[in-house]
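structure, please.
(one chain, ligands or ions: 1)
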Amino acid sequence: MSLYVPESAVNYEAVFRRGGRNMGDEDFALFKCPNCGHVYLMDYEVDTVFLDGDDLSKRDDLFDESHPFVCSSCEQPMPNGVWVGPHAEERFQVTWLELKASRWSWVATPMRSFGDETQPLHRAD
Ligand SMILES: [Zn+2]
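Got it, this is the predicted structure:
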């Protein structure tokens with residue numbers, strides 16, 4: 001059972017409609033700040049992080065020792081590690097509940113054919 005939002009669930013058309021197009025070979029993935037849980041969308045084809053689900057013009061580029069990625073919510077530097085992709089560390093992965101509570105709730109919808117992924121959205125809090 002997958003609590004986490006898979007990359008394949010990201011709605012590219014919705015991102016593009018909101019101005020998220022980059023170089024034409026986008027690979028989107030979600031990750032979160034392990035410190036405060038703030039959710040980000042990354043286009044890891046060009047190493048760009050979208051900072052705000054309400055305004056896709058707010059971006060930051062990755063990132064090296066002189067320019068670490070600092071969480072815009074808690075202002076802590078993002079720890080080194082695997083943020084996105086098939087080997088993403090669990091602490092960076094975004095659950096459906098976290099996504100729903102974030103400004104990125106529009107970016108992905110559970111695929112009904114993968115029944116397990118719909119369940120967290122329907123669980124009563
Ligand atoms: Zn944070």
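
from now on I want contacts and neighbour counts done on CA atoms only, so please keep to that.
Fine.

next up, the contacts around the nearest residue to D54 once chain neighbours are set aside.
Once flanking residues are discounted, D54 sits nearest to R103: 6.3 Å by C-alpha to C-alpha, 6 or more residues apart in numbering. If you count contacts by C-alpha atoms under 8 Å, 6 or more residues apart in numbering, R103 has them with 39, 52-54.

the ion: which of those residues is nearest?
V39 (8.6 Å; C-alpha to the ion).

next, count neighbours for the closest one.
Using other C-alpha atoms under 10 Å, the number of residues around V39 comes to 28.

and it, how close does it get to V49?
To V49, V39 is 11 Å away according to C-alpha to C-alpha, to the nearest Å.

ok, the closest residue in space to R59 that isn't next to it in sequence - contacts?
Closest residue to R59 apart from its sequence neighbours, by C-alpha to C-alpha, 6+ apart: F50 at 4.5 Å. Counting by C-alpha under 8 Å, 6+ apart, F50 makes contact with 40-43, 56-60.

same thing with G81?
G81 makes contact with E89 under the criterion C-alpha under 8 Å, 6+ apart.

same check on the one 3 residues further on?
Contacts here follow C-alpha under 8 Å, 6+ apart; on that basis V84 touches 29-31, 92-93.

with G53 instead?
40-41, 102-104.

list the beta-bridge partners for the residue nearest to R59.
Going by DSSP bridges, F50 is paired in beta bridges with L41, R59.

distance of it relative to L3?
Separation of F50 from L3 (C-alpha to C-alpha): 22 Å.

which of the residues in stretch 41-60 are buried?
For stretch 41-60, the neighbour count (16 or more other C-alpha atoms under 10 Å) marks 41-44, 48-53, 56 as buried.

list, one by one, the residues from this structure near the ion.
Contact residues, the chain versus the ion (C-alpha under 5 Å from the ion): 33, 35-36, 71, 73-74.

now, of those residues, which are buried?
With burial judged by 16+ other C-alpha under 10 Å, the buried subset of the residues of the chain next to the ion is 33, 35, 71.

need the residue closest to the centroid of this structure.
L30 (1.8 Å; C-alpha atoms, centre = their mean).
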